[in-house]
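**Student:** using only what follows, build the 3D model:
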Amino acid sequence: MSTEVRPDIDPEEMRELVAEVLDVDTESLTDDAHFISELGVDSLMALEVLVALERRYAIKIPEEAVKELTCFADVRDLVHAKLSA
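**Tutor:** Presented below is the predicted three-dimensional model:
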């Protein structure tokens, strides 16, 4: 699997989208900031992130995937994987 980033996917735009849904500052949403322990993300907020990503990138993400998303890097990787499939 290629880790190449699609040119139409702006990681900072994605970061801004996720930060807006989580109601956190973009600066605090680093690649490795832990959603639960550092940002206080609960399961409902995580599902809202999935819905926002599905709408923005026209992809389908199973609800089970929410358990695997512990930081922004996980979100970014998941979106790239779905778009590359």
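**Student:** in which helix or strand would I find Met14?
**Tutor:** Here Met14 sits within helix 11-22, counting by DSSP states H and E.
**Student:** buried ones in that helix?
**Tutor:** Applying a neighbour-count criterion of 16 or more other CB atoms under 10 Å, the buried positions in helix 11-22 are Met14, Arg15, Leu17, Val18, Ala19, Val21, Leu22. Every C-beta, even on glycine, is put in place using the N, C-alpha and C of the backbone.
**Student:** pull out the buried positions in the helix or strand following it.
**Tutor:** Sequence order places helix 43-57 as the next helix or strand after helix 11-22, per DSSP H and E. For helix 43-57, a neighbour-count test (16+ other CB under 10 Å) marks Met45, Ala46, Glu48, Val49, Leu50, Ala52, Leu53, Tyr57 as buried.
**Student:** any idea of the pLDDT on the residue most central in space within the chain?
**Tutor:** Using CA atoms, centre = their mean, the residue of the chain that lies closest to the mean C-alpha position is Val75, 3.1 Å off. Note on Val75: pLDDT of 96.
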